[in-house]
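[1] Whatever this is, show me its structure:
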Amino acid sequence: MIRFFYIALAVISTATLTQCNSTEYPSGKRYYDAYCGNCHMGDGKGLSKLIPSLEKSQYLIHQQDELPCIIRNGIKSTVADSSAEVQLSMPAHPKLSEIEILNICNYVNHSWGNQQVQLNLEDIKDKLKLCN
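    Prediction:
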C-alpha cells in the first residue's frame with residue numbers, strides 16, 4: 001500500500017511540474033506578456049490592421065535581423081504582411097537587457113506557428129549593433 005502511495009505521488013508530482021512549464025520559453029513568455037502582450041495579445045494575433053499579428057508572420061520570417069532593434073527602439077512604418085498593408089507603430093523598450101530581448105525573440109519565434117532558428121546572446125548583440 002505504501003509503495004502504491006509513493007508511485008501515485010511521483011506520477012502526480014511529475015504531471016504537475018510539467019504543466020507548470022508548458023511553454024518552451026517560459027522566460028520569454030513572461031517578458032512577452034509584460035511588454036508585448038497588451039498590444040499583440042496573449043495569442044499573438046494582434047488587433048487586425050491596428051496591431052499586426054505575430055502568428056505565422058511573414059514580416060517576422062523576413063525581418064529576423066531587425067527584430068531585436070524593433071523591440072529595443074520601436075518602429076513607425078508601413079509594411080505588407082500576409083494579405084494586408086499594416087501601419088506599424090510600436091513603442092520602444094530601451095531599458096530591456098540583451099537577455100530579455102533574446103528571451104522575447106525566441107518566444108515569439110517559436111510560438112503561434114512560427115518556426116525560426118533559435119537565437120543566442122551573441123546573435124542578439126550582433127543584431128543590436130546594426131540598429132540605426
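[2] Going by C-alpha atoms from here, please, whenever you check contacts or count neighbours.
    OK.
[3] ok, now which ones touch the residue positioned nearest the centre of the chain?
    The centroid of the chain falls nearest to Val108 when counting by C-alpha atoms, centre = their mean (2.5 Å). Contact partners of Val108, counting by C-alpha atoms under 8 Å, 6 or more residues apart in numbering, are 28, 32, 54, 114.
[4] Present these as JSON lines; the columns should include neighbour count.
    Listed next are those as JSON lines, based on neighbours: other C-alpha atoms under 10 Å:
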{"residue": "Gly28", "neighbour count": "21"}
{"residue": "Tyr32", "neighbour count": "23"}
{"residue": "Leu54", "neighbour count": "22"}
{"residue": "Asn114", "neighbour count": "17"}
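[5] What's the local residue count around the residue nearest to Ala92 when sequence neighbours are not counted?
    Counting by C-alpha to C-alpha, 6 or more residues apart in numbering, Gly74 is the residue found nearest to Ala92 once chain neighbours are left out, at 3.8 Å. As a burial measure, Gly74 scores 16 neighbours (other C-alpha atoms under 10 Å).
[6] Just confirm Gly74 contacts Met90, I think it does.
    Yes: contact criterion C-alpha atoms under 8 Å: Gly74 and Met90 qualify, at 4.9 Å.
[7] Give me the below-cutoff pLDDT ranges for the protein.
    1, 3-23, 79-87 (pLDDT under 70).
[8] what sits against the closest residue in space to His110 that isn't next to it in sequence?
    Closest residue in space to His110, ignoring its immediate chain neighbours: Gln116 at 6.4 Å, by C-alpha to C-alpha, 6+ apart. Counting by C-alpha under 8 Å, 6+ apart, Gln116 makes contact with 61, 109-110.
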